[in-house]
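In: Quick check, what structure comes out for this input:
(2 chains)
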Amino acid sequence: GENVEQHPSTLSVQEGDSAVIKCTYSDSASNYFPWYKQELGKRPQLIIDIRSNVGEKKDQRIAVTLNKTAKHFSLHITETQPEDSAVYFCAASKPGANNLFFGTGTRLTVIP
Amino acid sequence: KAGVTQTPRYLIKTRGQQVTLSCSPISGHRSVSWYQQTPGQGLQFLFEYFSETQRNKGNFPGRFSGRQFSNSRSEMNVSTLELGDSALYLCASSLVGELTDTQYFGPGTRLTVL
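Out: Below is the predicted model:
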């Protein structure tokens, strides 16, 4: 099956700095890579996703890059704000399969 | 549109009992997936239902089962509860198209097994 590794497990940044979270996957058949943000006691919320026919996608302060050859993808958050503090999960899925394989999560803390 | 809803939100059971959790997907969504979230194992896929049929299954014992109704609402059942079944159970709904669909999560059911 698919194995998704995520690093770092914790990340602290100063407000206004950038944050980068990296994930690798094992199954070259995976073609869909979403990122979820989960605040304490709340549901995971999709913040951005990318499919394997695209190398980069951006939405305001958030961007995701995908390197299919190396089988890794990254989340970039610029101009971080305290409300960005949460646990972020990457995930991977194969075509037509609505089962996500999740990374272990990154706890991001933005220090005001 | 209303989001994914799950009931109950909290549940306390004792070992050996069984439990049923419910998930109502976003209107128009036909696929429902279930996940278990624990501090130790993270988010793990249980199973997915589409058109009242289990389409994918994760690596969980047979004590974990589910079903889907014609209105796309889904239930999952855990029989003979064990302490290790304590977790947040999340369901996610998605449209079903040719591409892997975006999944939207419900608030989860927090199950505590004593």
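
In: Within range of chain A, give me the residues from chain B.
Out: Counting by CB under 8 Å from any CB of the partner chain, the residues of chain B lying close to chain A are B:4, B:31, B:33, B:35, B:42-45, B:48, B:50, B:55-56, B:58-59, B:90, B:92, B:94, B:96, B:98-108. All C-beta atoms are positioned from the backbone trio N, CA, C, and that covers glycine.

In: Filter these down to the buried ones.
Out: B:4, B:31, B:33, B:35, B:42-45, B:48, B:50, B:55-56, B:58, B:90, B:92, B:94, B:100-101, B:103-108 (16 or more other CB atoms under 10 Å in any protein chain shown).

In: Inside strands: which ones of those residues?
Out: B:31, B:33, B:35, B:42-45, B:48, B:50, B:55-56, B:90, B:92, B:94, B:104-105 (DSSP state E).

In: ok, which pair from those residues is furthest apart?
Out: B:42 and B:50 (24.4 Å; CB to CB).

In: and residue B:17, helix, strand or coil?
Out: The three-state assignment at residue B:17 reads coil, by DSSP: H, G, I helix; E, B strand; the rest coil.

In: surely it meets residue B:78?
Out: No - between residue B:17 and residue B:78 there is no contact under CB atoms under 8 Å: 9.1 Å.

In: count of neighbours near residue A:63?
Out: 17 (other CB atoms under 10 Å in any protein chain shown).

In: ok, now residue A:17?
Out: Residue A:17 has 13 nearby residues by other CB under 10 Å.

In: Likewise for the one 3 residues further on?
Out: Residue A:20 has 16 neighbours, counted by other CB under 10 Å.

In: Equivalent analysis for the one 3 residues further on, please.
Out: Applying other CB under 10 Å, we find 26 residues neighbouring residue A:23.

In: is it fair to say it lies in a helix?
Out: No - Residue A:23 is assigned strand when assessed by three-state DSSP, not a helix.

In: tell me the pLDDT at it?
Out: On pLDDT, residue A:23 comes in at 98.

In: beta partners for it?
Out: The partner list for residue A:23 in beta bridges (DSSP bridges) reads residue A:6, residue A:73.

In: Pull the contacting residues for it.
Out: By CB atoms under 8 Å, 6 or more residues apart in numbering or on different chains, the contact set of residue A:23 is A:4-7, A:33, A:72-75, A:90, A:92, A:103.

In: likewise residue B:7?
Out: Applying CB under 8 Å, 6+ apart, the residues contacting residue B:7 are B:21-22, B:109.

In: hmm, try it at 6 Å
Out: residue B:22 (CB atoms under 6 Å, 6 or more residues apart in numbering or on different chains).

In: Quick check: phi and psi at it.
Out: phi -140, psi 150 (degrees, to the nearest 10).

In: Which residues of chain A lie near chain B?
Out: Counting by CB under 6 Å from any CB of the partner chain, the residues of chain A close to chain B are A:32, A:43-44, A:93, A:97-99, A:102, A:104.

In: Among these, which lie within strands?
Out: Those of the residues of chain A next to chain B lying in strands (DSSP E): A:32, A:102.

In: Please identify which of the residues of chain A next to chain B is nearest to residue A:12.
Out: Closest to residue A:12, out of all of these and judged by CB to CB, is residue A:104, at 17.6 Å.
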